[in-house]
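S.K.: Next comes the sequence, and after it the predicted model I'd like to discuss.
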Amino acid sequence: MNNSKPASLFKRLIVIGYDGLLLIAILFIATALTLPLNAGEAITNGHPLFPFLVIYWFLISFVFYAWFWTHGGQTLGMKTWRLQLISTDNKKVSWKQAFIRFCCAIFSLLLFGLGFFWSIFNEKKSTLHDILSNTILIDNN
């Protein structure tokens, strides 16, 4: 394993905010591309296409994170804050690991962040999604 120190919860949360702003901008553009499907109107909850829109957002969000994680281990926010995602076996993060990490991170957030706060009590500062995806978020400072 890499000898770098694990990322703190504080830095993880800052990076989530930074990357979240970038992702929101991408989702705005992606949503604008769906307007012709509903005569220029937004697809809202209750519309027959709304479940497909949610799946579309999920897929775009996954590809956003997974592409960065599998191509150098850093999103733009992670580069800014000098964090890097690596596999526990020192290999490149796989798409499978990225998918597990992404889904588990969403689940962690839905549980009021408990999967993230696990890092406070974990000796290696690993979150639930780090553990389940066999990845480590390291601080390169």
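M.R.: Sure, I can see it.

S.K.: Lowest-scoring secondary structure element of the protein by mean pLDDT?
M.R.: Lowest mean confidence among the helices and strands of the chain (mean pLDDT, DSSP states H and E): helix 114-121, at a mean of 92.

S.K.: Show me what that helix is packed up against.
M.R.: Here helix 114-121 touches helix 9-32, helix 95-110, helix 128-133, going by 3 or more Cβ pairs under 8 Å, 6 or more residues apart in numbering; DSSP states H and E. (C-beta placed from N, C-alpha, C; glycine too.)

S.K.: To His47, which of the ones you listed lies closest?
M.R.: Nearest to His47 among the helices and strands packed on helix 114-121 is helix 9-32 (12.8 Å), distances taken as Cβ to Cβ.

S.K.: So which residues make contact with that closest one?
M.R.: Identification of contacts with helix 9-32 by Cβ atoms under 8 Å, 6 or more residues apart in numbering yields 42, 53, 56-57, 60-61, 64-65, 75-78, 80-81, 83, 116-117, 119-120, 125, 127, 137, 139.

S.K.: Restricted to helices, list these.
M.R.: Counting by DSSP state H, the part of the contacts of helix 9-32 found in helices is 53, 56-57, 60-61, 64-65, 76-78, 80, 116-117, 119-120.

S.K.: Count residues in the vicinity of Gly77, would you?
M.R.: 21 (other Cβ atoms under 10 Å).
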